[in-house]
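[1] would you be able to build a 3D model of this:
(one chain, ligands or ions: 2)
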Amino acid sequence: MYLLIPAAGIGKRMGSNRNKLLLKVRSQPIIAWTLLAAQAASKINWIGIISQPTDWPDLKAIVTDLKLTKPVEFILGGSTRQESVYNGLQALPANAEQVLIHDGARCLITPDLFNSCAQAIGEYRGLIAAVPVKDTIKIVNGQGIIESTPDRQKLWAAQTPQGFDVKLLKQCHAEGLRQGWQVTDDAALFEKCGIEVRIVEGEETNLKVTTPQDLAIAEFILTSRGF
Ligand SMILES: Nc1ccn([C@@H]2O[C@H](COP(=O)(O)OP(=O)(O)OP(=O)(O)O)[C@@H](O)[C@H]2O)c(=O)n1
Ligand SMILES: C[C@](O)(CO)[C@H](O)COP(=O)(O)O
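    Ligands and ions are numbered 1, 2, ... in the order given. Next comes the predicted model:
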């Protein structure tokens, strides 16, 4: 299975002066934990790291240190996640029929989740890992007044990996460009094109390291795993 890792962000919400994926948790950069999980997932056999050239020296050093045995390609990142994934899709080998996309920032993913998504994409044209929402969610208007409370039974928090038929995802990205759609995940492009996306049960611990608080939580989870 081909795996694209969007890793070209700047980490504005982390408040760091460099790509947050280079910050360390339990003595390894965030991106290293993501790569180690991909390396350990038996169904992943090719990794594309979508990233900014300024980070390439650091990223290449990390890949070398980890002694990854799977082929790793460096792909030019864009100015949004959507643009980065678009670039990643163009850089896939011509024989890639299916792809998993996994945020570099979701460094606590287990190899099992990579494998279960890779397995499931044989059955569906599009899928995402997601977990049921635990809080009661409110729709709120611009004045801070609640408009409605959606039925929680139907609410899931989207994670990555997100897996797709490559040809269809390329078509949906191209349509997104034509229509000017701006989305925060690839499933949303499938949805807008009217193509079914299946949920695969994700992991509560598969959080996206976004803020300094998330760094502390990631540190705690990795410690509890014995790292
Ligand atoms: N232009 C971008 C922006 C984001 N990403 C990647 O998409 C994932 C999810 O994005 P997010 O957590 O929002 O990362 P940042 O964009 O770095 O964070 P922020 O929004 O706080 O600036 C991350 O692995 C990030 O590196 C990317 O590849 N290209
Ligand atoms: C793709 C994603 O990880 C799903 O939760 C997420 O959308 C990434 O971007 P965000 O804008 O930081 O939520």
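[2] are the longest strand seen in the chain and ligand 2 in contact anywhere?
    Counting by DSSP state E, the longest strand found in the chain is strand 156-165. Yes: using Cβ under 6 Å from any ligand atom, we find that strand 156-165 touches ligand 2 at A158, Q159, T160. Backbone N, C-alpha and C define where each C-beta goes, glycine included.
[3] could you single out the nearest of those residues to R178?
    The nearest member of those to R178, counting by Cβ to Cβ, is A158 at 23.8 Å.
[4] OK, contacts around the closest one?
    I128, A130, D185, A187 (Cβ atoms under 8 Å, 6 or more residues apart in numbering).
[5] what do you get for L100?
    Taking Cβ under 8 Å, 6+ apart, we find L100 in contact with M1, Y2, L3, L4, I44, F114, C117, A118, I121, P161, Q162, G163.
[6] what pLDDT, on average, does the helix or strand containing it get?
    In this structure, L100 sits in strand 98-101 according to DSSP states H and E. Across strand 98-101, pLDDT averages out at 98.
[7] oh, and call the first residue 2 from now on, that's how I've got it
    Sounds good: first residue 2 from here, last item strand 99-102.
[8] how far is that strand from where the chain is centred?
    Here the centre of strand 99-102 is set off from its chain's centre by 10 Å, with Cα atoms, centre = their mean, to the nearest Å.
[9] wondering if that strand reaches ligand 1 at all.
    No: on the criterion Cβ under 6 Å from any ligand atom, strand 99-102 is out of touch with ligand 1, staying 9.4 Å away.
[10] buried set for that strand?
    Across strand 99-102, burial judged by 16 or more other Cβ atoms under 10 Å covers Q99, V100, L101, I102.
[11] this protein: strands as residue ranges?
    Under DSSP E, the chain gives strands at 3-7, 25-26, 29-30, 47-52, 73-77, 99-102, 127-133, 140-141, 147-149, 157-166, 199-202.
[12] and for the fourth one, what's in contact with it?
    What that stands for is strand 47-52. Here strand 47-52 makes contact (Cβ under 8 Å, 6+ apart) with 2-9, 20, 32, 36, 39, 60, 64, 69, 71-78, 85-86, 88-89, 92-94, 97, 105.
[13] about what we covered before: just the contacts of A159 now: which is nearest ligand 1?
    In terms of Cβ to the nearest ligand atom, no member of those lies closer to ligand 1 than D186, at 9.0 Å.
[14] show me what the closest residue to that closest one other than its chain neighbours is bridged to.
    The shortest distance from D186 to any non-neighbouring residue, by Cβ to Cβ, 6 or more residues apart in numbering, is to A159 (5.6 Å). Beta-bridge partners for A159, by DSSP bridges, are A131.
[15] go on, I50?
    The partner list for I50 in beta bridges (DSSP bridges) reads I6, F75.
[16] what about it, neighbour count?
    Applying other Cβ atoms under 10 Å, we find 28 residues neighbouring I50.
[17] picking that back up, ok, the longest strand of the chain near ligand 1 or not?
    No: remark: strand 157-166 sits outside contact range of ligand 1, by Cβ under 6 Å from any ligand atom, the gap being at least 8.1 Å.
[18] off-centre distance for that strand?
    Put simply, strand 157-166 sits 8 Å off its chain's centre (Cα atoms, centre = their mean).
[19] now do stretch 38-46
    Offset of stretch 38-46 from its chain centre (Cα atoms, centre = their mean): 15 Å.
[20] which ones are touching the nearest residue to R82 once chain neighbours are set aside?
    Distances taken as Cβ to Cβ, 6+ apart place P7 nearest to R82, at 5.4 Å, with adjacent residues excluded. With contact taken as Cβ under 8 Å, 6+ apart, P7 is in contact with I51, G78, R82, S85, V86, G89, I102, D104, G105.
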